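**Q** here are the coordinates; sequence isn't available:
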């Protein structure tokens, strides 16, 4: 009796030239922990550096996984003028919203991951939540879900879940069948006053059909339940470095040694081990002043 073949997990990130290495580190962390399945990593590239693309491809092949790059620059350059004028959405955001015609038609499920993420547990468990999935699955946003005014502005009821869009498990077949891209486009064109860009857009269009995931699959660093954050980090399947101060910024490890350790560990074992920190001097100065004042 032959052994069952391990599942092929499709993962996707969107990155521009500044974020290509960080997308690669997301892939590196996923490969490091996923033992029960193989990974096919899909990069939506808005002019990502060829060196970063080559590093991703070689790292995936070396580990027995797959990698495909989709150059989306021309697609983003040729967006209809009215969408380009809706400038509260970045080019990376549009990549995430308008991905479905780029993927092969035989891909029916995919996990989307932001570039500020570190995977800590086998993603096969997350993948298996897709069995019977309506359209998307995501984790409730602990910061924004309690905001009844925000929900109301998006047409959501107080009981509806406002989710964080940094980790999405997507039923691609249903996404296409439900004409989701056009629905998202329509919302962007109608609502230029939204606060949280593509995340608000996704919630307004898709929250009613959401499958809520356990918090471990998008555990946000700097969690509002500060007294529980250490325990939550330890049990997290995915760590999400939300906020403007990222673990690749100069000074992060000094200010947040425990929080930065998972990212540093992955980077040290990756093709980007020698990449220098991002020196954002103004941000780091503000962080140090805040630390001293408190």
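**A** It's in. Note that this is a predicted model, so its numbers are computed, not measured.

**Q** Neighbours of residue 260, how many?
**A** Residues near residue 260, counting by other Cβ atoms under 10 Å, number 21. Every C-beta, even on glycine, is put in place using the N, C-alpha and C of the backbone.

**Q** Check the secondary structure at it for me.
**A** What DSSP: H, G, I helix; E, B strand; the rest coil gives for residue 260 is helix.

**Q** Find me the pLDDT at the spatially most central residue of the chain, would you?
**A** Nearest to the geometric centre of the chain sits residue 114, at 1.9 Å (Cα atoms, centre = their mean). With respect to pLDDT, residue 114 has a value of 97.

**Q** And residue 44, which helix or strand is it part of?
**A** strand 38-46 (DSSP states H and E).

**Q** what packs against that strand?
**A** strand 8-16, helix 20-33, helix 50-62, strand 66-71, helix 73-77, helix 91-97 (3 or more Cβ pairs under 8 Å, 6 or more residues apart in numbering; DSSP states H and E).

**Q** quick check: angle from that strand to helix 20-33?
**A** 170 degrees (axes from the mean of the first three to the mean of the last three Cα atoms, to 10 degrees).

**Q** Touching strand 38-46 from outside, list them.
**A** Applying Cβ atoms under 8 Å, 6 or more residues apart in numbering, the external contacts of strand 38-46 come out as 6-17, 20, 23, 27, 30-31, 53, 56, 60, 64-73, 76, 91-92, 95-96, 99, 102-103, 110, 123.

**Q** Quick one, which of the residues you listed are buried?
**A** 9-16, 20, 23, 27, 30-31, 53, 56, 60, 65, 67-70, 72, 76, 91-92, 95-96, 99, 102-103, 110, 123 (16 or more other Cβ atoms under 10 Å).

**Q** Which stretches in this structure count as helices?
**A** 20-33, 50-62, 73-77, 81-84, 91-97, 124-127, 148-153, 172-177, 180-190, 197-206, 229-235, 252-255, 257-268, 281-293 (DSSP state H).

**Q** I'd like to know which elements the second one is packed against.
**A** Packed against helix 50-62 by the contact rule (3+ Cβ pairs under 8 Å, 6+ apart) you find helix 20-33, strand 38-46, strand 66-71.

**Q** could these go into CSV alongside mean pLDDT and distance to residue 252?
**A** Formatted as CSV, those follow (pLDDT from 0 to 100; distance: least, Cβ to Cβ, whole Å):
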stretch, mean pLDDT, distance to residue 252
helix 20-33, 98, 13
strand 38-46, 98, 24
strand 66-71, 98, 27
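
**Q** thinking again about what came up before, which of the helices of the chain comes out lowest on mean pLDDT?
**A** helix 281-293 (a mean of 66).

**Q** Go ahead and confirm residue 157 touches residue 151.
**A** Yes. Using Cβ atoms under 8 Å, residue 157 is in contact with residue 151, at 7.1 Å.

**Q** What distance do you get for the closest residue to residue 82 other than its chain neighbours to residue 230?
**A** Nearest residue to residue 82, sequence neighbours excluded (Cβ to Cβ, 6 or more residues apart in numbering): residue 189, at 5.9 Å. Residue 189 is 43 Å from residue 230, where distance means Cβ to Cβ, to the nearest Å.
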